[in-house]
Every structure is written in C-alpha cells, then in structure tokens.
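[1] Just need the structure, nothing else, for what follows:
(4 chains)
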Number of protein chains: 2
Amino acid sequence: MPKITFFNLPEDKRENLVLAAKKEFARVPLYQASISNIIKDAKIPRGSFYQYFDDKEDAFFYLLNSHVSSYKLHFVQTIHKNNGDIFDAMIDFYTAIITEEKENMQFLRNLFLNMTHRIGNVMTRSFGETDLNEDFKKITNLINHEQLNIEDEHELFHMMQIISSVTFHNIVKKFARELPFDEAVNNYRTEIYLLKKGFVSG
Amino acid sequence: MPKITFFNLPEDKRENLVLAAKKEFARVPLYQASISNIIKDAKIPRGSFYQYFDDKEDAFFYLLNSHVSSYKLHFVQTIHKNNGDIFDAMIDFYTAIITEEKENMQFLRNLFLNMTHRIGNVMTRSFGETDLNEDFKKITNLINHEQLNIEDEHELFHMMQIISSVTFHNIVKKFARELPFDEAVNNYRTEIYLLKKGFVSG
DNA sequence: GTTGACTTATGACACGGTGTCATATAGAAT
DNA sequence: ATTCTATATGACACCGTGTCATAAGTCAAC
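    Numbering: from 1, shown residues only, chains lettered A, B, ... in the order given. I've put the predicted structure just below:
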C-alpha cells in the first residue's frame, strides 16, 4: 500500500505520478520497470518517490488493484447483462478485455504475459482466495444454476477455478501470438463449449 | 543457447557450473537470481560466465530445457502406463510433479510461482506451439479416443489446452498455498472429474 | 622449439538502478 | 516567534551487470 503521504498529495500531483507509473508499467513488465524512469517522467526527485511508495512493487500493485476493482465491477454487470449465464458472460468479458484501448492494452499485455502467481492472485482473489470468500458468494449468487450440471458449492468453486484458468490462458495466448480478434474469440468459444459439454461421453 | 565454449568445457567443470546455477535458481526465481551468486558458488571469474552464456536467462533456459526434456519422456511413459487414458495419466503426472525431491522441488516451486508466458511456452511447447505440432501428434496418438466426447483434431487440440491450463493452475495453487499432498490431489481430481462430465447437463 | 593463429581465462571497470539519510523547507499550532 | 510535525530533496553508498583489454593456454606447422 502507498504511504499516507501519497494520499495527502494534491490531486494533480498525485494524478501526474500515477500517469507516469502507468506509462512505465505499460512499457515493460514489473521486473523490468525502473523507478528512475517513473520519476524522470513525473519530474519528481528520487527521494519523493520513496515518500509515497515502499518500492516499485508497491506502486505497481496499487495500479493493479485499481484496474482490478473496475474490472470486477464490469464483470458483475456482464453477468447481469447475460441473465446469469456464466458462459455467455465470460465470452462477453473476454472480448471486452482483448479490445482494450492502446495504453491499457499495453499494460494488460505486460500483465498477462508476465503473470506470476502473486499477480494472478490479486486478480482472481474475487473467486479464489479462500473457499468461502465473500466475493465468490456474491458472484455465484448472480449465476443461473438451472442449466448447470453441478452438485454442490464445492463443485461450483472448482468450476469457477477451471473457468478462470482457461480464461487466463486464452488471454495470454491472444497477446502472445498476437491473434486477430476473431481467431482469439473463436478459440475461447471452442474451449467454453468443450467445458460445457464435457470431455467424456456419458 | 549456451556458447560452444560451454560445451567444450571439461565435464567436471561444466557440471560444477550447472550445479551452482541450479542452486541459485532453486533459491529464487529467474528475475531475482544473480550471476554474482552463481560464479561465487562455482568459483569461476565473472568473465568466464559470459564466455559460456549470454546472460542469466541463457543459463536459466538451458536448465529449464533439460528439465522439460526429462518430464516429456516421463509424461509419455505415464500415458502408456495408463493405457491411453489421458485423465488418469494426468493425475499420475500431477502427483509425480508435486512429490519431487528437495532441490528439484524448490526449482519447480520458483518456476511455477513465477510462470511467465515465456517460461510457460517452453514447458508446453510439446502440445501447443503450432496447432499441428510434431510432439502434439505424437502424444495424442497415444491417447485412447474411444471414451472421448470429441469430434475432431481441432476439438482435441483445445481439450489438451484446457487440460494443461487446469493442470498448471493446480500445480501453482499447490505450491502457493502449500497444500498438503492429499488436499492437492483431491482438488485436482475434482477438476479433472468436472472436465470429464461437463458443466452443463444435457 | 619457435612462431603464429586461434581459443579460453581473467578481473578491473564503467554504467545504471536502488534505497537511504542528513538536511532543508513548509505548515500548523500554541 | 517558536516548536513540532509532515514533506521534499538529491547526494551517496551499495550492488549487480556486461564489457574489454590483457594474459594464458593449445596446437599445428615449419
């Protein structure tokens, strides 16, 4: 977490610093990003940076969290929009992510191509942290269970884990191979379809 | 790839260097590993390291590749052992990975908890690089298709993608949460079971 | 056994990034 | 005014990287 001093900053100065950080993290992944670049861009002295953040990671995770918050909101809306059909909602959500705008896109690209566990954990703590998580319940309550071939909470939890693994992997692949939009969406559709029907005839 | 000089090295010296590198990459993930530690441990001068490798990553990927090669072999054997049942084979394989010994374990742990796309790509290039990959065909030929609810090559490919996403994620989770063996295996079994039966009744 | 051509070894060094710290400045409160 | 607290600043020590000039070794040819 950024230090109190950061939040006490006049809004324009804070915003300016945030923009510089965003720019750097859109340029390269976390481990390659440099504080030197950020302060040069934000035109603040080196010492100041350390008044606001513990280190590079602190700044990064602050940005990441704000991204995640807004995506979480968007995700909930998407489930509503699809009347609780989690599969359609995921496809909607997936297309939204891969059609982000320029700078956000670069940020996301670096994020997904360099998705360590620590980062992934921040992103999925909505459905994943502990099995009986607040956010998890909030989301699963929005899901229409009627169509689902799922016995209990436990299976539901693992279903969501699978869906998120597969979704992550599809996003990564899209960025890595620089797949055209249609191809990326078709791949994802195929995988969601396979998840629905199951791998074994029965 | 390491330079020719590396391969020209007398075996004991080369082995010694490899061990030092392994030790460092078992200690910390790639981006935190330091050449300084490796050369200190291997008792070679700094300049020598650069005679053998381009940089840290070069050494890392050399090690990674040799790991991957041996796992690939093991994977093929596992499919045979399970008479082409890919699901049973995966569970076998999963348990083998999470029961690795001490130093290998630490190496794997750092590997999976810091699995960027570049690293993941090396590990799954068996089934994934290009859709009609040699290795992919070699592996899918070993799989018993009778039980599968799969229409064609294309679906098969995506099935394998899904299985590998889910497997990766389960390994990561095992390491991250330091799950006891039984819990980790049960989680994985559940997810494989769900993949087999499908999420939607019908 | 000396020369020359090539390969390998070595460690000092320049460079760049990090995090700290002593000092300066500002603001508020009494 | 004075004191207390919060903030700002940039020089600096530290450490890791990759390079490069130089030294040492190998080997074949003469």
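
[2] which residue packs closest to the residue most central in space within chain A, ignoring adjacent ones?
    For chain A, the residue nearest the mean C-alpha position is A:Met123 (4.7 Å; CA atoms, centre = their mean). Leaving out its chain neighbours, the residue that sits closest to A:Met123 by CB to CB, 6 or more residues apart in numbering or on different chains is A:Val68, at 5.7 Å. (Each C-beta comes from the backbone N, C-alpha and C, glycine too.)

[3] just A:His80 next, same as before
    A:Leu142 (6.7 Å).

[4] Over to the one you found: give its phi and psi.
    phi -80, psi -10 (degrees, to the nearest 10).

[5] which ones are touching it?
    Neighbouring residues of A:Leu142 by CB atoms under 8 Å, 6 or more residues apart in numbering or on different chains: A:76, A:79-80, A:84.

[6] just A:Pro45 next, same as before
    Counted by CB under 8 Å, 6+ apart, A:Pro45 has contacts A:Ile39.

[7] Could you check how far it is from DNA strand C?
    8 Å (CB to the nearest atom of the strand, to the nearest Å).

[8] With A:Gln77 instead?
    On the measure of CB to the nearest atom of the strand, A:Gln77 and DNA strand C end up 37 Å apart.

[9] Inside helices: which ones of the contacts of A:Leu142?
    Secondary structure assignment by DSSP state H places A:76, A:79-80 of the contacts of A:Leu142 in helices.

[10] domain parsing for chain A?
    Here the domain assignment for chain A is A:4-57, A:64-199, based on the TED database.

[11] How far off centre is the shortest one?
    Remark: domain A:4-57 is offset 21 Å from the chain centroid, using CA atoms, centre = their mean, to the nearest Å.

[12] quick one: it near DNA strand D?
    Yes. Using CB under 7 Å from any atom of the strand, we find that domain A:4-57 touches DNA strand D at A:4-5, A:8-9, A:13, A:44-48, A:50-51.

[13] Are any of those buried, and if so which?
    A:9, A:44, A:48 (16 or more other CB atoms under 10 Å in any protein chain shown).

[14] pLDDT score for the first one?
    Think A:Leu9. Predicted confidence (pLDDT) for A:Leu9: 96.

[15] thought it was touching A:Gln51?
    No. The pair A:Leu9 / A:Gln51 is not scored as a contact, 9.2 Å apart, by CB atoms under 8 Å.

[16] Show the subsequent helix or strand relative to the helix or strand hosting the residue nearest to the centre of chain A.
    Taking DSSP states H and E as the definition, one finds A:Met123 inside helix A:117-124. Following helix A:117-124 in sequence order, the next helix or strand is helix A:134-140 (DSSP H and E).

[17] hmm, the helix or strand following that following helix touching chain B?
    Next helix or strand after helix A:134-140 toward the C-terminus (DSSP H and E): helix A:153-177. Yes. Helix A:153-177 reaches chain B (CB under 8 Å from any CB of the partner chain) through A:154-155, A:158-159, A:161-162, A:165-166, A:168-169, A:172, A:175-176.

[18] Switch the residues you listed over to CSV, and while doing so, append pLDDT and neighbour count to every line.
    Shown next, in CSV, are the residues of helix A:153-177 next to chain B (pLDDT from 0 to 100; neighbours: other CB atoms under 10 Å in any protein chain shown):
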residue, pLDDT, neighbour count
A:His154, 95, 12
A:Glu155, 97, 18
A:His158, 97, 23
A:Met159, 98, 22
A:Gln161, 97, 21
A:Ile162, 98, 22
A:Ser165, 98, 23
A:Val166, 98, 24
A:Phe168, 98, 18
A:His169, 98, 25
A:Val172, 98, 21
A:Phe175, 98, 21
A:Ala176, 97, 15
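
[19] what's the neighbour count on A:Glu153?
    13 (other CB atoms under 10 Å in any protein chain shown).

[20] what does A:Asp135 give?
    When neighbours are counted by other CB under 10 Å, A:Asp135 comes out with 15.

[21] mind putting the residues of domain A:4-57 next to DNA strand D in TSV, secondary structure included?
    Formatted as TSV, these follow (DSSP: H, G, I helix; E, B strand; the rest coil):
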residue	secondary structure
A:Ile4	helix
A:Thr5	helix
A:Asn8	helix
A:Leu9	coil
A:Lys13	helix
A:Ile44	coil
A:Pro45	coil
A:Arg46	helix
A:Gly47	helix
A:Ser48	helix
A:Tyr50	helix
A:Gln51	helix
